[in-house]
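Visitor: Structure for the following, please:
(chains A and B)
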Number of protein chains: 2
Amino acid sequence: MNRFEPNLRIPGPTSLPDAVREAGARQMVNHRGPEFAVLQNRIIDRLKTFFKTQNDVLIVTAAGTGGLESAIVSFLSPGDKVLAVTIGAFGDRFAKIATVYGADVTKQSYEWGKAAEPAKVAEALAAGGPWKAVLLTQNETSTAVTNPIAELAAAVKAAAPDALILVDAISGLGAVPFETDAWGLDVVVSGSQKAWMVAPGLSFVAVSPRAWEAAAVAKMPKFYFDLAAHKTSAESGQTPWTPAVAVMFQLDVALEMMEQETLPEIWKRHTAVGAAVRAGLQTLGFKLLADPAFASDTVTGAWLPEDLDWKAFNGKLRKLGLVVAGGQGALKGKIFRIGHLGHVTVPAILNAMAVLEQTLIELDRPVKPGAAVEAAQVAALRALGLAK
Amino acid sequence: MNRFEPNLRIPGPTSLPDAVREAGARQMVNHRGPEFAVLQNRIIDRLKTFFKTQNDVLIVTAAGTGGLESAIVSFLSPGDKVLAVTIGAFGDRFAKIATVYGADVTKQSYEWGKAAEPAKVAEALAAGGPWKAVLLTQNETSTAVTNPIAELAAAVKAAAPDALILVDAISGLGAVPFETDAWGLDVVVSGSQKAWMVAPGLSFVAVSPRAWEAAAVAKMPKFYFDLAAHKTSAESGQTPWTPAVAVMFQLDVALEMMEQETLPEIWKRHTAVGAAVRAGLQTLGFKLLADPAFASDTVTGAWLPEDLDWKAFNGKLRKLGLVVAGGQGALKGKIFRIGHLGHVTVPAILNAMAVLEQTLIELDRPVKPGAAVEAAQVAALRALGLAK
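Guide: Have a look, this model is predicted:
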């Protein structure tokens, strides 16, 4: 990771391990043939272990947003009452998809940087209904906040037991603790270019038996994103439309690597890198966007001081080989974000801190050389139980 | 191409040239950064030359079917009168998408193996209307027929000048003659895994100014497949949702190879392989599905004799390293199809003929050794003007 091989620290696409990259160079196979069926079945079995589910998991060739659309159109009808709990740009997007397809959407929005509150969700549910579905975001990439999905889902189940719980878990699942079945989630969406360390192009959707019952009567128009068609095809090891075969090859390798690392170790690694980034950025004087109690371990957002120009700052970071993300929507030019999910280690974060230190020193800002690197390392070791 | 490196002769995904394959192994970049913008702009410029258009060309992360859906939902409203001209399974699919989204679809179907007739299309248009759009298929992959799009489009323009012409050119564009602008086509869809010699995951859609006018008032629900959103993003070198970056890397290399070969040479090569396959299969005793006047130069379908079991036949072909496609829909088990588009040469077709000869001889069928290989080679050389 130097200027010739950038440290890609955006919240997806994440950088790919060499073995994963190389699998993207394999020759094509017949997507209606036996090799593909073996490949897809193996991938789905492994995805189920990472989703922590016995439900069906389906693979859709699309970005994560396509996965979200499949979750809306496959299970809902126009006019259905939907509570969309949104804490940022991606929560807003999930709500907008439901609105576009004619759902009767009530939006519960939170200040950006805050997590959703189970009591407020319960209150909103009690005040209306009958609710067909509740939309939740596990990890809001735009604000770097991880919602307490277990508690939110429990609140939904108490207040509106018949409502389907649809979860955007695109940028968190596979990196931080998540339980599809134990938390009673009906539809859970993730995307290949996040924790899975794979190129973009595939979305994964877990579907509960209760959601399939809803699918049977769902009336929103759908064709490409019809998950029932995906389920039928998956039963014979196929997909309804031609799948992104090369990305599937990469996913197969990545899932094997994840299995070898084991999920508890993956979660621990993300705890360490999350702590490292937050400590390092704060040592550099940045104010973090997220409520500390719900700070994401896959992405961190920091406010840009008013006298620090985003374009000049980012240009210097890029010259030193560090690629970070800017703000989205209303936060454009006001924050920057560091992704730390998937193929990421503590040393990769220390590299990012070193570049941030040098850049800020070049910009004549008061930074103590080495301090952020040290703080990040100490925080990581503490998170791992290796320092006090 | 032996049993260890199969001769992938299906009509997509097509086999990838080595340089294209290898580009799929590149490390990720920031899809919101300058490298990606340069990449996408270069790809779009080159796609325009192959589409033969000055119109916008947009890249959608989805299979070709997703591209078809984007062509329907971006420009039409529920209740719009649409004439769907269908000569097979993919024409039926295009019609079905329009139906699902509420268009008032009149289907004009032809016997499988036949091309659409301009006079009949004009007749259907004259009998109804006002028509908002006509759906055409350039190359019907299920029946191996290439429609006379120039003549069909001219008939539409004469009979219903205000109707948008939407063309599924997924399995033909980039391989056989096609003119988006000269033929006055409004929306043209193709897919990465066909003539473009790239892994599946991307669809390309050309859009005329007249179609953009329709988009401004189009009321079908849409989010992921909203081409207007793709146009807005493309203006700053981006895509609205995370694109299939690794497939874009491959596409960039493939388009450079196609540019070096030049479009007239690519067309000539497909004429030769098409002639070779048809001659070889007929010499083997197979009856072809397609009307000879409209036989496709990218895929050929042949009837299976009643006493030749598809599964046994296909199993033997596979053992010898030849991967062909079966029939779709009503033709399942009744025909087989050989793909010959994209990364294909006459020697690759001779290899396929050799395997077919050996397989049929193993199955005790009356085949003269070498005859099909010879016939295919002679037909190819004739098509190239190198033999009488």
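
Visitor: Tell me what A:Asn7 is bridged to.
Guide: A:Leu322 (DSSP bridges).

Visitor: show me the contacts for A:Gln358.
Guide: A:Leu320 (Cβ atoms under 8 Å, 6 or more residues apart in numbering or on different chains). Glycine gets a C-beta too; all of them are placed from N, C-alpha and C.

Visitor: Which phi and psi values does it adopt?
Guide: Main-chain torsions, A:Gln358, degrees, to the nearest 10: phi -60, psi -40.

Visitor: next one: A:Asp364
Guide: Backbone torsions of A:Asp364, given as degrees, to the nearest 10, read phi 60, psi 30.

Visitor: Contact residues of the stretch 251-388 of chain A facing chain B?
Guide: A:Arg318, A:Val323, A:Ala325, A:Gly326 (Cβ under 8 Å from any Cβ of the partner chain).

Visitor: need the longest helix for chain A.
Guide: helix A:263-283 (DSSP state H).

Visitor: Please identify the buried residues of stretch A:112-119?
Guide: Within stretch A:112-119, the residues scored as buried using 16 or more other Cβ atoms under 10 Å in any protein chain shown are A:Trp112, A:Gly113, A:Lys114, A:Ala115, A:Ala116, A:Glu117, A:Pro118.

Visitor: For the stretch 51-200 of chain A, just list every one of the helices.
Guide: A:64-73, A:89-100, A:118-126, A:149-159 (DSSP state H, counting those that start in this stretch).

Visitor: can you list the residues of the stretch 251-388 of chain A next to chain B in JSON lines and add neighbour count, secondary structure and pLDDT?
Guide: Putting those into JSON lines (neighbours: other Cβ atoms under 10 Å in any protein chain shown; DSSP: H, G, I helix; E, B strand; the rest coil; pLDDT from 0 to 100) gives the following:
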{"residue": "A:Arg318", "neighbour count": "19", "secondary structure": "helix", "pLDDT": "95"}
{"residue": "A:Val323", "neighbour count": "22", "secondary structure": "strand", "pLDDT": "97"}
{"residue": "A:Ala325", "neighbour count": "22", "secondary structure": "strand", "pLDDT": "97"}
{"residue": "A:Gly326", "neighbour count": "19", "secondary structure": "strand", "pLDDT": "96"}
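
Visitor: Of the residues you listed, which is the nearest to chain B?
Guide: Set against chain B, the nearest of those by Cβ to the nearest Cβ is A:Val323 (5.1 Å).

Visitor: wait, isn't the closest one in contact with A:Ile10?
Guide: Yes: under the criterion of Cβ atoms under 8 Å, A:Val323 makes contact with A:Ile10 at 6.0 Å.

Visitor: which residues are common contacts for these two?
Guide: Counting by Cβ under 8 Å, 6+ apart, the residues touching both A:Val323 and A:Ile10 are B:Asn30.

Visitor: Show me what from the stretch 101-250 of chain A comes close to chain B.
Guide: Counting by Cβ under 8 Å from any Cβ, the stretch 101-250 of chain A comes close to chain B at A:101-102, A:191, A:193, A:199-201, A:220-225, A:240-247, A:250.

Visitor: Out of those, list just those in helices.
Guide: A:Val245, A:Ala246, A:Val247, A:Gln250.

Visitor: mind checking pLDDT for the second one?
Guide: Just to be clear, that refers to A:Ala246. At A:Ala246, the model reports a pLDDT of 98.

Visitor: how about it, what does it touch?
Guide: Shown in contact with A:Ala246 (Cβ under 8 Å, 6+ apart): A:23-26, A:28, A:199, B:24, B:199-201, B:246-247, B:250.

Visitor: State the distance from the residue nearest the centre of chain A to A:Phe225.
Guide: Central residue of chain A (Cα atoms, centre = their mean): A:Ser171, 0.7 Å from the mean position. Per Cβ to Cβ, to the nearest Å, A:Ser171 is found 20 Å from A:Phe225.

Visitor: still on that earlier bit, out of the buried residues of stretch A:112-119, which is nearest to A:Val205?
Guide: A:Ala116 (21.6 Å; Cβ to Cβ).

Visitor: Show the contacting residues for that closest one.
Guide: Residues in contact with A:Ala116 (Cβ under 8 Å, 6+ apart) are A:Val85, A:Ile87, A:Gln108, A:Tyr110, A:Leu136, A:Asn147, A:Pro148, A:Leu152.
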